[in-house]
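Engineer: Turn this into a model:
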Amino acid sequence: MTDQSLDGPLLGPAEIRELAERAGIRPTKTLGQNFVIDPNTIRRIVATAHLTSDDHVLEVGPGLGSLTLGLLAASSAVTAVEIDPPLAAQLPETVERFYPEAASRLNMVLDDAARVTALPGDTPPTALVANLPYNVAVPVLLHILEMFPTVRHGLVMVQDEVADRLAAGPGSRVYGVPSVKANWYAAVSKAGVIGKNVFWPAPKIASGLVRFERRDPPADESLRKEVFAVIDAAFAQRRKTLRAALSGWAGSGARAEEILRNAGINPSERGEKLDVKAFARIAQAAATIAQAQAQAQTKTQTQAAAQPDHERKTPATPETQPEPTTENPA
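Structural biologist: Next up, the predicted model:
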């Protein structure tokens, strides 16, 4: 039955199944749908998110609304982005039914969270709290952090091994592309593990909670795409040295070594040993070298154009030889 508490109304297993039947929903693996059916887990997620009454929460994949109700009780407003039309249509009705006094504080958006670029309302989101679909968790998280810089902190629930990767530091066995890219935007840490039995249907593995606090990036935002290109190249072949791994990105092994040395990084080092600041230095060094070469080329061209015509070197041409004559034999 519905659990009424000081935190607001929460949904239990019976309500979740009844709402799913009403919407004609059967959870699908395609959309990564696993609905939380345990009110205590909702309380734990909301508490771990460290929300304040001033926060405007962005929720991705609200599903049947179990987490949405808890977020509405702990914040000023919730904007929910849902890709599944039946679920998006039913969520406002669910809030109106179980938590009517909070219905006006819910904004419903039917869209793909991995592509959404704008949200309704005059107040931008300040926090992200979501049970992210396992199959798109990392792309969605990075997209939200890129597109909505007003999101200053948050908590996401993802597959446990993905949580470990996101929170991993340099040198860790699971440190990789998600770890470094997430750290461009925020300080990331693991905040707990959620068991399988609190979901319907129960997933095959546990889930992990990942907390983040946004911070200033390690380099100018204009450099981010190039930094991410360096990260992708460095981890495409983990066992190779950076000189070898970045040779394709840089254009050659020699050019990669030049860039790395200018960034203060040993070319024989491997990508999994570097933090995001080091990757930013690599991209910055590449940009600085390219700029210096472009300026030198422009200077050379300018100097050549400024020379008087008589001082310019022209390609040598063979002297004209007289036509051979043919003498008649005597």
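Engineer: now the helices for the stretch 101-250 of the chain?
Structural biologist: Along the stretch 101-250 of the chain, counting by DSSP state H, counting those that start in this stretch, helices occupy 137-147, 160-167, 177-185, 224-236, 242-245, 247-250.
Engineer: Could you dump the ones you listed into a markdown table and include mean pLDDT and mean neighbour count?
Structural biologist: All C-beta atoms are positioned from the backbone trio N, CA, C, and that covers glycine. Shown next, in a markdown table, are the helices of the stretch 101-250 of the chain (pLDDT from 0 to 100; neighbours: other Cβ atoms under 10 Å):
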| stretch | mean pLDDT | mean neighbour count |
| --- | --- | --- |
| helix 137-147 | 98 | 20 |
| helix 160-167 | 97 | 21 |
| helix 177-185 | 98 | 22 |
| helix 224-236 | 98 | 19 |
| helix 242-245 | 98 | 22 |
| helix 247-250 | 97 | 18 |
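Engineer: which stretch among these comes nearest L58?
Structural biologist: For L58, the closest of the helices of the stretch 101-250 of the chain is helix 137-147, at 6.9 Å, according to Cβ to Cβ.
Engineer: Now the closest one - C-alpha only, PDB.
Structural biologist: Only the C-alpha atoms of helix 137-147 are listed here, as PDB (Å, rounded to 0.1, in the frame of the first residue of the first chain):
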ATOM      1  CA  ALA A 137      23.900   5.700 -18.500                       C
ATOM      2  CA  VAL A 138      27.300   7.200 -19.400                       C
ATOM      3  CA  PRO A 139      26.200   9.000 -22.600                       C
ATOM      4  CA  VAL A 140      23.200  10.500 -20.900                       C
ATOM      5  CA  LEU A 141      25.200  11.700 -17.800                       C
ATOM      6  CA  LEU A 142      27.900  13.300 -20.000                       C
ATOM      7  CA  HIS A 143      25.200  14.900 -22.200                       C
ATOM      8  CA  ILE A 144      23.300  16.400 -19.300                       C
ATOM      9  CA  LEU A 145      26.500  17.800 -17.700                       C
ATOM     10  CA  GLU A 146      27.500  19.300 -21.100                       C
ATOM     11  CA  MET A 147      24.100  20.800 -22.000                       C
END
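Engineer: domains for the chain, by residue range?
Structural biologist: 3-215, 222-303 (automatic domain parsing).
Engineer: show me what contacts A77?
Structural biologist: A77 makes contacts with 56-57, 105-107, 121, 123, as judged by Cβ atoms under 8 Å, 6 or more residues apart in numbering.
Engineer: Which of those residues sits closest to I25?
Structural biologist: Nearest to I25 among the contacts of A77, counting by Cβ to Cβ, is L106 at 18.9 Å.
Engineer: so where is this protein shaky, pLDDT-wise?
Structural biologist: 1-7, 27-32, 308-330 (pLDDT under 70).
Engineer: So which residues of it form strands?
Structural biologist: Using DSSP state E, the strands found in the chain span residues 3-5, 8-10, 35-36, 56-60, 77-82, 106-110, 127-131, 153-159, 186-194, 199-200, 207-214.
Engineer: any chance of those strands in CSV, with distance to A236 too?
Structural biologist: Below are those laid out as CSV (distance: least, Cβ to Cβ, whole Å):
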stretch, distance to A236
strand 3-5, 48
strand 8-10, 45
strand 35-36, 36
strand 56-60, 28
strand 77-82, 31
strand 106-110, 35
strand 127-131, 29
strand 153-159, 22
strand 186-194, 22
strand 199-200, 34
strand 207-214, 24
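Engineer: E93 is nearest to which of those?
Structural biologist: Of all the strands of the chain, strand 106-110 sits nearest to E93, with 10.2 Å by Cβ to Cβ.
Engineer: neighbouring contacts of that closest one?
Structural biologist: Under the criterion Cβ under 8 Å, 6+ apart, residues 68, 72, 77-83, 85, 88, 91-92, 95, 116, 119-121 lie in contact with strand 106-110.
Engineer: Most widely separated two among the contacts of A77?
Structural biologist: Across the contacts of A77 (Cβ to Cβ), the longest gap, 13.0 Å, separates L106 and T123.
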